[in-house]
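J.: Just a sequence and a predicted model for now, questions to come.
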Amino acid sequence: MCFSANASFGAGFFLTSIGVIATKNISNKKQILFASIPILFGIQQITEGFLWLSLTSHRNYFLQQFTTYFFLIIAQIIWPIFIPLAIYLKGKNRHFRKIKIMLLSTAILVSGYLTYCLATFKVEAQITGMHILYYENFPTQFHNLSGLLYIISTATMPLLSNNKLIRYLGVTILVSYFFTKIFYSGYEISVWCFFASIISIYILIIILQENKKTLM
């Protein structure tokens with residue numbers, strides 16, 4: 001979480017639990033990636049918890065580089081592909097098939113570019129106020145374009161779903177992204193995790209609704 005190590009660990013275990021419940025309630029294998037989204041969010045937050053510890057204690061300094069890169073690998077390489085692929089595989093309708101393939105191709109392009117950037121340019125994390133700021137020395141001429149393609153690849157796929165709940169999920173992703181972009185400029189990578197809890201609970205609701213199950 002974007003506020004402290006304890007908040008990150010708490011959010012991480014909460015999100016992981018949500019994901020485990022969601023995966024246990026799937027009715028077919030096509031839902032597994034979609035149901036696993038909260039688990040990946042949880043792993044990401046637990047990683048940031050260890051990053052907080054490495055940034056606030058010299059004793060844990062050895063964790064800093066690994067946790068910084070591992071967090072960014074999930075945030076910038078895995079997420080652009082994972083979310084659209086999970087929704088694409090889960091979908092039952094064939095509408096907008098060409099557009100969906102184009103979105104997946106865009107996701108692969110964004111992920112590939114950010115992989116190159118993480119492997120080539122220096123990145124580091126630093127606590128400023130109550131947030132972690134990730135310094136990325138990426139080419140500035142492609143910064144806005146890569147960010148735009150990132151949000152297009154992650155948010156547009158759910159908007160094309162025939163399930164209105166998944167379309168609302170796309171809207172939630174868009175609203176949360178622009179909220180952090182406007183009010184937490186520079187901290188988007190970390191602060192956006194705050195909305196992971198809402199998104200993850202919503203994913204569980206979608207899984208339960210589709211399979212007509214309720215929590216006991």
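T.: Structure's in. What do you need?
J.: next SSE after the lowest-mean-pLDDT helix or strand in the chain?
T.: Here the helix or strand of the chain ranked lowest by mean pLDDT, DSSP states H and E is helix 188-191, holding a mean of 70. Downstream of helix 188-191, the first helix or strand assigned by DSSP states H and E is helix 196-210.
J.: outside of that next one, which residues touch it?
T.: By Cβ atoms under 8 Å, 6 or more residues apart in numbering, the surrounding residues in contact with helix 196-210 are 11, 14-15, 18-19, 21-22, 25-27, 31, 34-35, 37-38, 41-42, 44-45, 163, 165-166, 168-169, 172-173, 176, 214-215. Quick note: C-beta positions are derived from backbone N, CA and C, even for glycine.
J.: what does stretch 12-23 give?
T.: Contact partners of stretch 12-23, identified using Cβ under 8 Å, 6+ apart, comprise 32, 35-49, 196-197, 200-201, 203-204, 207, 215.
J.: Select from these every entry located in helices.
T.: Among the contacts of stretch 12-23, the members falling in helices (DSSP state H) are 32, 35, 37-49, 196-197, 200-201, 203-204, 207.
J.: Give the burial count for the nearest residue to A22 once chain neighbours are set aside, as a bare number.
T.: Residue nearest to A22 in three dimensions, not counting chain neighbours: A35, with 3.9 Å by Cβ to Cβ, 6 or more residues apart in numbering. Other residues lying near A35 total 23 when counted by other Cβ atoms under 10 Å.
J.: just W192 next, same as before
T.: Using other Cβ under 10 Å, W192 has 19 other residues around it.
J.: That one and I101, how far apart?
T.: Distance, W192 to I101, by Cβ to Cβ, to the nearest Å: 27 Å.
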